[in-house]
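> quick one, structure for this:
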Amino acid sequence: MMDDGELIASAASHLNPREVQGRLVGDVASTLVTDRGTTFHGVCIDTASGTGFCAEHSAIAAMVTGGEERIAAIVAVWRDDDGALFVLPPCGRCREFIRQLHPDNLDTRVVLGRDRAVPLRELLPAHEWPAPLDP
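Reported below is the predicted structural model:
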């Protein structure tokens, strides 16, 4: 499997920001590696109606299309106007999306920087289904 630096570089290589009808697309890119070692990529798409999606969603959709659902590691990156590269943590929607795709994805390694990564479960502290109040 790729190390965190390679995963970040892979995602950065898929950045392709551009405007489409006044909306920015491709300015955030994501790379994920499945438990089988397969790599998938995606970019964000912004839309005027709010129906766009994050780069992680795009990479995950490619993974599902490829017949897999278990994510070993994932990262998303963005480059500012000065060319500085940033690792972006997944938004709440992406965190929950990853979790609901497969129960083992709670152990997905979420890369937060070159020297920092945590399992998804640490970003979703209250992820367990609640116990009934009345037995």
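> how about stretch 36-51: buried residues?
Residues of stretch 36-51 classed as buried by neighbour count (16 or more other CB atoms under 10 Å): Thr39, Phe40, His41, Gly42, Val43, Cys44, Ile45, Asp46. Heads up, the C-betas are built off the backbone N, CA and C, glycines and all.
> same question but for stretch 1-11, I mixed them up
Buried, per 16+ other CB under 10 Å, within stretch 1-11: Met2, Asp4, Leu7, Ile8, Ser10, Ala11.
> same check, this time on stretch 95-107
Neighbour-count burial for stretch 95-107 [16+ other CB under 10 Å]: Arg95, Phe97, Ile98, Arg99, Leu101, Asn105, Leu106.
> next up, the contacts around the first one.
Put plainly, it is Arg95. Leu120, Leu123, Leu124 (CB atoms under 8 Å, 6 or more residues apart in numbering).
> redo that, cut-off 6 Å
Leu123, Leu124 (CB atoms under 6 Å, 6 or more residues apart in numbering).
> now it: how far from Arg121?
Separation of Arg95 from Arg121 (CB to CB, to the nearest Å) stands at 10 Å.
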